[in-house]
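> below: sequence and its predicted model.
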Amino acid sequence: MDLADNPALEDYSLRYAPSAFRSWSPWMIFLSCLAGLSAMAGYALDAAFVNAFGFGNALLGFAVATAVTFPLTLTAAFAIARKHIDIDLLTRGAGFGYLGSTLTSLVYATYTLIFLAYEGAIMAQALTALTHLDLHISYAVVALVMIPLTVYGMSFTAKFQAWTWPLWVALIGVALGSAATAPHAAHTMVHPHIPAATATGVTVLAVFTIAAAQLSLAAQVGEQGDYLRLMPDSKPGRAGRWRLAVILGGPGLTLFAVVIFFASTLLVGYAETQTTPDRAAEPVELFTVVYQRLTGNHTAALVLAGLLVLLSQIKINIMNTYSGSLSWSNFFSRLLHRHPGRAAWVFLQVGLALVLMELDVYHHIVTVLAWYANVGIAWIAALAADLLINKRLLKLSPAHIEFRRAHLYNVNPVGFGSMVIAAAAAITAYYGAFGATAAALSPFIALVLALVLPPVIAAATRGRWYIARTSDLPDGELPCTVCAGSYDTADMAACPYHGGTICSLCCSTEGSCRDRCKPSAWRPGGGPVPLGMPTAPSRTVSAPVGAATEEVG
């Protein structure tokens, strides 16, 4: 069985998603995007930040991170939903180039992997608490469970996420009600039992240290985008609902995260009156304590807690595994010029997550995220700067988002160069080269540089690195001369090597053409392509800035 030829498994994973496939309603897409709210990672991380820095610092840190990440991810979310391409294809055309975005695919794959392993570890804790299996065996079990749940992509995911929300809301609602009515819970929520050394009141450094670590969550827009790309086209009279679904399903998750912060600190506040802070920081122990107040029975409370945690982690890890399979597909299709199918990379994602679980990523997550934030925010900020500043405000780059290999230079210095410089400077600061304060706030160094550099580099290069050539093709579906499939014009290019039109996936996996369709894949310049097209001649253009009229975002 060729996994790459199975539409039910593929979900148009490496190409434009045509309207015929986008059959889900905005409501269903929105519900699938909300899977991030079920993540127990928020409860564990919120408790860690509050215990380390205090409630006031943690709350303000989350607020600052939300204020930064919301506008950055808003533009990307709308571009994904309107262009019907994932975060990787969007990155290609937003200043990174065809091979330049390979690095960001790896950055994104790492993000999904970190959280798949972390959420998987929490799921394994619940499984061990319920069954008394050895924790390392539970790691293997929860990893294997994700394979059949993720192989069938959106065909299964949309239904599973929608059907399980009522049960999840009921379980979390009962827990919140139990904690909210408990004596002293609110007081402990704001004044947790933390060492006196950390209870020093609100400080600017503490607030921005927490915010800096939270900036890593900007990469979450990639996971949201894997579902938003399947949004149906906006219909007349329903544009407001469509926009609301995109906003709440995409960047709106950062707003919901603040709500989760209050919910989690309330739950932890009560749990810490009944057990130790370390035990209250583990979700299965946290909810067992909370439910025990309601049931009066430890076994019943443990069953309810286990059910909630397992359901929550399955919901979020379907997203982590699915998005990871997409990012690995994008990454390896360009390196190996082969695409065995998105489903094949599910096994790699799950296997790597199992390794991280065994290496105890659970107890090192804050350190991992603090380091990752330097790279993740550099990518998202550079992407947002190109979409918003270069394309819309200053018109320094073409308005059209081009993702096809046949039309792109391999590396665009605007986005790729900005990200590399910003991330390198931030990581240097993170390791103390510029002092302790700069080390704590290093992701903000990446943020500022990644926002400023794209327009500077685009102006210096006069936008010449965005489009290598274009194809004159008729609208509608066109046949691919390689795979014989028919795809929308948006996914096709004229190919002088094969003497016809070629789909974007076959173009990506073609390793022998040596970019014959472009005078140079690495730099602007050169003459027209010597080979013509019998049905759809290709032509080389200089892609003047502002020539396209299509709007972004």
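Noted; the coordinates are in hand.
> what is the longest helix seen in the chain packed up against?
Longest helix of the chain, by residue count under DSSP state H: helix 298-336. Helix 298-336 sits against helix 87-91, helix 100-131, helix 135-150, helix 153-180, helix 220-228, helix 283-295, helix 342-358, helix 504-509, with contacts defined as 3 or more Cβ pairs under 8 Å, 6 or more residues apart in numbering; DSSP states H and E. For the C-beta atoms, the positions are set from N, CA and C on the backbone; glycine is no exception.
> which of those helices sits closest to Asn51?
Among the helices and strands packed on helix 298-336, the nearest to Asn51 by Cβ to Cβ is helix 283-295 (12.8 Å).
> who are the packing partners of that closest one?
Helix 283-295 packs on helix 41-53, helix 100-131, helix 153-180, helix 252-271, helix 277-280, helix 298-336, going by 3+ Cβ pairs under 8 Å, 6+ apart.
> for the ones you listed, give me CSV that also has mean pLDDT.
Output for these, formatted as CSV (pLDDT from 0 to 100):
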stretch, mean pLDDT
helix 41-53, 80
helix 100-131, 94
helix 153-180, 87
helix 252-271, 85
helix 277-280, 80
helix 298-336, 91
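> re earlier: now do the longest helix of the chain against helix 283-295, angle only.
Interaxial angle of helix 298-336 relative to helix 283-295 (axes from the mean of the first three to the mean of the last three Cα atoms, to 10 degrees): 150 degrees.
> go through helix 298-336 and flag the buried ones.
With burial defined by 16 or more other Cβ atoms under 10 Å, the residues of helix 298-336 counted as buried are 301-334.
> off-centre distance for stretch 141-155?
18 Å (Cα atoms, centre = their mean, to the nearest Å).
> and for stretch 475-491?
On Cα atoms, centre = their mean, the centre of stretch 475-491 falls 29 Å from the chain's centre.
> now for the helices and strands packed on helix 298-336, which one comes closest to His498?
Smallest distance to His498 across the helices and strands packed on helix 298-336 (Cβ to Cβ): 8.4 Å, for helix 504-509.
> quick one: contacts for Thr131?
Applying Cβ atoms under 8 Å, 6 or more residues apart in numbering, one finds that Thr131 lies in contact with Ser138.
> where do the helices sit along the stretch 351-500 of the chain?
Ranges of helices in the stretch 351-500 of the chain, per DSSP state H, counting those that start in this stretch, are 365-385, 418-430, 436-440, 442-461.
> I'd like the helices and strands packed on helix 298-336 written out as a markdown table, with distance to Asp491 added.
Formatted as a markdown table, the helices and strands packed on helix 298-336 follow (distance: least, Cβ to Cβ, whole Å):
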| stretch | distance to Asp491 |
| --- | --- |
| helix 87-91 | 10 |
| helix 100-131 | 17 |
| helix 135-150 | 24 |
| helix 153-180 | 18 |
| helix 220-228 | 17 |
| helix 283-295 | 42 |
| helix 342-358 | 16 |
| helix 504-509 | 5 |
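> closest to Thr73 out of these?
That would be, of those and by Cβ to Cβ, helix 220-228, which comes in at 3.9 Å.
> in the very next helix or strand once past that closest one, what counts as buried?
Following helix 220-228 in sequence order, the next helix or strand is helix 239-249 (DSSP states H and E). Buried residues in helix 239-249, defined by neighbour count with 16+ other Cβ under 10 Å: Trp242, Ala245, Val246, Ile247, Gly249.
> returning to that earlier point: any chance of the helices of the stretch 351-500 of the chain in TSV, plus mean neighbour count?
Formatted as TSV, the helices of the stretch 351-500 of the chain follow (neighbours: other Cβ atoms under 10 Å):
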stretch	mean neighbour count
helix 365-385	25
helix 418-430	23
helix 436-440	15
helix 442-461	22
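> how about Phe21, secondary structure?
Classification of Phe21 using DSSP: H, G, I helix; E, B strand; the rest coil returns coil.
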